[in-house]
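[1] Model the following, please.
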Amino acid sequence: MVDERPVLQLTTYWFPTQDSGERSFLMKLEFSLNHPHSGDKPSLAEVACSTGSANQAMDLLPSIIPKKTKRIMRRLLQPWPKDRYTQAYNCSGGILNLFTPPWGEKQDEVWARMVAEWQAKSFPDEQVRQAALRALEQRWNTTPHPFFAGLTPAQVMVGGGPREEELADEFLERLDEMFKEYHFESEGDALIKTVLLLRGWQCQPQRDGQTIAQIIVAERDELLARRAQALA
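    Got it, this is the predicted structure:
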């Protein structure tokens, strides 16, 4: 008889800051929502998209999951807005953004420039003006952003998949081996060395010739396509 009871596996890693350690938990939750549920069945994210209900996806979770974790997952499973994806500021951004500061709209110079250009234009009426703003918001959603290590806000919103999760674990294991016994002059010194290591690692080509960053982007694009299909 096969024991199908859930098994809790704990893995500890070294992080340069408390914020990056906390963000790694959010990153893991985003990964879990994009895993196929029970083999080939749709992921929890796809269930929420296709049914329009986060509740139906949440019902598939085992009762052992803590309530606080479920609240975060429920938030991540909520329908996306039709306008600008400002929730991207509060997502992890995956392994490529694990160690960057938690940016917000106030610091977003890209959006500020886009709005300034829109405000400088003249429109025949308010209806056309608002339509141009909506188009601008959609352009921001699909434009690679320096806040998100070159990911688009849409790619950030969708979260990472199984391949990125494997790559993230690979990098965190390497980080742990290199720095857990290393003496840093300050937290800032630890963060800088970590980001430099990450940026070098993400440019490494894999067996198929793609870099790690390209693999992550391709998987997130595939998840966006699957999300669109689930919505349809």
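[2] following the helix or strand bottoming out on mean pLDDT in the chain, which helix or strand shows up next?
    None of the helices or strands of the chain scores lower by mean pLDDT, DSSP states H and E than strand 36-37, at a mean of 75. Sequence order places strand 41-43 as the next helix or strand after strand 36-37, per DSSP states H and E.
[3] Show me what that following strand pairs with in its sheet, parallel or antiparallel.
    Using DSSP bridges, strand 41-43 pairs in its sheet with strand 36-37 (antiparallel).
[4] Count the neighbours of residue 154 for me.
    Counted with other Cβ atoms under 10 Å, residues neighbouring residue 154 total 19. Every C-beta, even on glycine, is put in place using the N, C-alpha and C of the backbone.
[5] and it, what helix or strand is that in?
    Judged by DSSP H and E, residue 154 forms part of helix 153-158.
[6] For that helix, report the contacting residues that lie outside it.
    34, 45, 80, 84-85, 87-88, 91, 93-94, 97, 140-143, 145, 148, 217, 220-221, 223-224, 227 (Cβ atoms under 8 Å, 6 or more residues apart in numbering).
[7] Only the buried residues of the longest helix along the chain, if you could.
    The longest helix of the chain (DSSP state H) is helix 212-231. By neighbour count with 16 or more other Cβ atoms under 10 Å, helix 212-231 contains the buried residues 212, 213, 215, 216, 217, 219, 220, 223, 224, 226, 227, 230.
[8] could you dump these to a markdown table with pLDDT and distance to residue 73?
    Output for the buried residues of helix 212-231, formatted as a markdown table (pLDDT from 0 to 100; distance: Cβ to Cβ, whole Å):
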| residue | pLDDT | distance to residue 73 |
| --- | --- | --- |
| 212 | 97 | 26 |
| 213 | 97 | 27 |
| 215 | 97 | 25 |
| 216 | 97 | 22 |
| 217 | 98 | 24 |
| 219 | 97 | 20 |
| 220 | 98 | 19 |
| 223 | 96 | 16 |
| 224 | 97 | 19 |
| 226 | 93 | 18 |
| 227 | 93 | 16 |
| 230 | 89 | 17 |
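[9] Just name the closest of those residues to residue 63, please.
    Minimum distance to residue 63 across the buried residues of helix 212-231 is 25.5 Å, recorded for residue 230 (Cβ to Cβ).
[10] Understood, closing this out.
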